[in-house]
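Q: Build the 3D model from these lines:
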Amino acid sequence: MGRAKVLMVWGTGSGVGKSLLTAGLLRHFRRLGLRAAPFKAQNMANHARVAQGGEMASAQWLQALAAGVPPEVRMNPVLIKPFGERGSQVVVLGRADPFLSGLSWQERKPQLETPVRAALEGLLEEYDLLVLEGAGSPAERNLWPDLANLKVAEWAEAKALLVADVDQGGALAALFGTWALLGAHRERLIGFVLNKFRGDLSLLEPAYDLLEGWTGVRVLGTLPMLPLELPEEDGFRHRPRRGEGMRVALLRYPHAANLDEFWPLSELADFRHARTLEEAEGAELLILPGSRLPAADLEWLKGFLPLLKAHLEAGKPVLAICGGAEMLAEEIRDEEGVEKQGAFPGLGLLPFRVEMRKEKTVARRRVRLSGLTGFWARLNGLEVEGYEIHHGQGLPLFHQEGPLLVTWLHGLLEDPRVQETLFGRRAKGLEEALDALADALERHLDLRSLHRALGLTGNPHPASGGQPQSPDPPPAPGLVLLLGGARSGKSRLAQRMAGPFTTLIATAEARDEEMAERIARHQRERPLTWETLEEPLDLAGALWRARYGVVVVDCLTLWVANLLEAGLDPLKEAERFLQAVEESGKRVIAVSNEVGLGIVPDNPLARRYRDLLGEVNARLAREAQEVYLLVAGRPLRLGP
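A: Just a heads-up that it's a prediction; the model follows:
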């Protein structure tokens, strides 16, 4: 397959939209038929999902869904889960690492490079394209060398976009300041993206020319504030939209975690995050989400105990998940010091004691619900699927106490059948939301420039039959001839001149291992979207079969040798080829060596070949609109 093309999405800071832009781009590339995948070297988040290999950040899980590939931990090899202000848990390739979790940031950093690079290199070999998401800002020079932004971009030889949040204010300064602080790393930038814009775009558009004039980097466009509800990487910035229907309040304690699983409620209910008793009053359903530090959150939740009891006594439902359920037990005992060593009295609404264990439960689960009563009885008979991520032990997978339903299982409310059963309808779903996100990118951003920079097709809407069509104006017809010595840069120049919508007529045949490797190297360097026609003899016929209006012939040198070996006249075939170029109306870029500049061959056949190739080059040059001689990678235009 060859090494993947790589695009990196950097941001001017946290929360500017890197994750969703990455997801939208991956869905767009999926539409183009590319096998693409996400990658974020190191993510700091309270939200995680269980995927192939263990737990990974929710953002990369969502991005994998956008790309249409199975989520796996290599896509997020390092996940940092904060433990309040005192430290963090380090998850490496899906598994919590107690040793690394106990080290300082500076001590652990060099030990993370090996797993990150191994994960990246593996994905580079398996996909056509990777979209890398940066972390925070790449311009924090006090943290350089920056593993999550700069090192992975260097390892992957990535091109980069830089995104800023207009809604936060100061986007123009943020983009220019980040560009300035990037130093030599700014050479990777191929475009700026402005995100979350409200109002009259004509007021913002003058900034495009200013930025390009200052930096030489184009603004690819501005995304409006999109009314999409997708799982958020960091729920602490998220403010859910309020839909219509049942009033639902999520108790937002300080270390609430995995809040991303409740994204459907913004569509299905009158949903709010409650930080105060007043915000929770009047709710028909109360939700206690997961918690990173349940013993610490207990003090906060005790203030809601009268509300919880009154709610349950009135027969109103409560759903407590994972850490939220642990706090309702009689006691949380942490003898191993997973969170904080000691025994902590719970709220006593459940007849269980929770033991915190260093060994973490990380698993996907499927269970058929039964025996539920009251509000929750409507779920009986449903087979639901979700995931467990917890240190606590001592609670059943599902348990009901009157209107209170507790479970270890995350993701229950993401199940469309559960949504329909509890709320009378299904949320639109992630697939529809991801498609809407990609639609917005294709409508508001100049993706053609991005495609050209990456060497990818730029048509987001394939024509009938699934064949991409160039959005660019038809190229001027005629012949361009590129001459030069071996390894002088002819093929690379032809690729730059041709663009992403090109048919390659390849004349080489792999007759030995060295030639096979040479052909393979050229294949790896070509844009993924080029059409390739293998034709050692009949260039005229291949030209008529070419699908695109731009055709590269690489190379005439081998073609003439093939013709001689086949007993055909290279000069007659050259005339036939020139006639096909004129009649086809295509732009043809032909590559040929100037072997006459070298040593005189010591045998008649080789001298004949040298002379014939020189005559073929001269004949084509007389008809070509442009002729270039390449010397040491530098093109010199010959003639007028």
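
Q: Residue 480 sits in which helix or strand?
A: Following DSSP states H and E, one finds residue 480 within strand 478-484.

Q: Parallel or antiparallel, which strands does that strand pair with?
A: Counting by DSSP bridges, the strands paired with strand 478-484 are strand 587-593 (parallel), strand 626-631 (parallel).

Q: Pick the most deeply packed of these.
A: strand 587-593 (a mean of 25; mean count of other CB atoms under 10 Å). In this view, the C-beta of every residue, glycine as well, is placed from N, C-alpha and C.

Q: Longest helix in this protein, by number of residues?
A: helix 105-126 (DSSP state H).

Q: avg pLDDT for that one?
A: Averaged over helix 105-126, pLDDT sits at 91.

Q: now stretch 562-569
A: Here the average pLDDT along stretch 562-569 is 92.

Q: For that stretch, which residues meet the burial criterion?
A: Buried residues in stretch 562-569, counted by 16 or more other CB atoms under 10 Å: 562, 563, 564.

Q: now stretch 215-226
A: Neighbour-count burial for stretch 215-226 flags 215, 217, 218, 219, 220, 221, 222, 223, 224, 226 (criterion: 16+ other CB under 10 Å).

Q: quick one, phi psi at the last one?
A: Reported as degrees, to the nearest 10, the phi and psi values for residue 226 are phi -100, psi 130.

Q: With adjacent residues omitted, what lies nearest to it?
A: Spatial nearest neighbour of residue 226, chain neighbours left out: residue 440 (5.7 Å); criterion: CB to CB, 6 or more residues apart in numbering.

Q: That neighbour belongs to a helix?
A: Yes: per DSSP: H, G, I helix; E, B strand; the rest coil, residue 440 lies within a helix segment.

Q: and it, how many neighbours?
A: The number of residues packed near residue 440 is 16, by other CB atoms under 10 Å.

Q: what's the angle between the helix or strand containing residue 89 and helix 105-126?
A: Taking DSSP H and E as the definition, residue 89 sits inside strand 88-92. Counting by axes from the mean of the first three to the mean of the last three CA atoms, to 10 degrees, strand 88-92 lies at 30 degrees to helix 105-126.

Q: For the next helix or strand after strand 88-92, name the packing helices and strands.
A: Per DSSP H and E, strand 88-92 leads on to strand 95-96 as the next helix or strand towards the C-terminus. Here strand 95-96 touches strand 353-368, going by 3 or more CB pairs under 8 Å, 6 or more residues apart in numbering; DSSP states H and E.

Q: hmm, back to that, the strands paired with strand 478-484: which one's closest to residue 51?
A: Among those, strand 587-593 comes nearest to residue 51, with 45.0 Å by CB to CB.

Q: Now do the closest one: everything it contacts.
A: 475-486, 490-491, 494, 497-498, 543, 549-557, 581, 613, 616-617, 620, 624 (CB atoms under 8 Å, 6 or more residues apart in numbering).

Q: are any of these buried, and which?
A: 475, 479-485, 490-491, 494, 497-498, 543, 549-557, 581, 613, 616-617, 620, 624.

Q: Out of those residues, which sit inside helices?
A: Short answer: those in helices (DSSP H) are 490-491, 494, 497-498, 543, 556-557, 581, 613, 616-617, 620.

Q: List just the nearest of these to residue 65.
A: Closest to residue 65, out of all of those and judged by CB to CB, is residue 498, at 34.6 Å.

Q: From residue 548, how far out is that closest one?
A: Distance of residue 498 to residue 548, computed by CB to CB, to the nearest Å: 9 Å.

Q: Could you do residue 139 as well?
A: 40 Å.

Q: Check residue 538 too.
A: For residue 538 relative to residue 548 (CB to CB), the value is 18 Å.

Q: Looking at these two, which one has more neighbours?
A: Between residue 538 and residue 548, residue 548 has the larger neighbour count (other CB under 10 Å), namely 23 against 18.

Q: which one is that one nearest to, not counting chain neighbours?
A: Using CB to CB, 6+ apart and skipping residues adjacent in sequence, the residue nearest residue 548 is residue 503, 4.6 Å away.

Q: pretty sure the one you found is touching residue 544, no?
A: No: Residue 503 sits out of contact with residue 544 when judged by CB atoms under 8 Å, with a separation of 10.9 Å.

Q: Which one of the two is surrounded by more residues?
A: residue 503 (22 against 11).

Q: any idea how far that one is from residue 453?
A: 21 Å.

Q: next structured bit after the helix or strand bottoming out on mean pLDDT in the chain?
A: Least confident helix or strand, the chain: helix 513-525 with a mean of 65, by mean pLDDT, DSSP states H and E. Counting by DSSP H and E, the element after helix 513-525 in chain order, helix or strand, is strand 531-534.

Q: Show me what that next one is packed against.
A: Counting by 3+ CB pairs under 8 Å, 6+ apart, strand 531-534 packs on strand 503-506.
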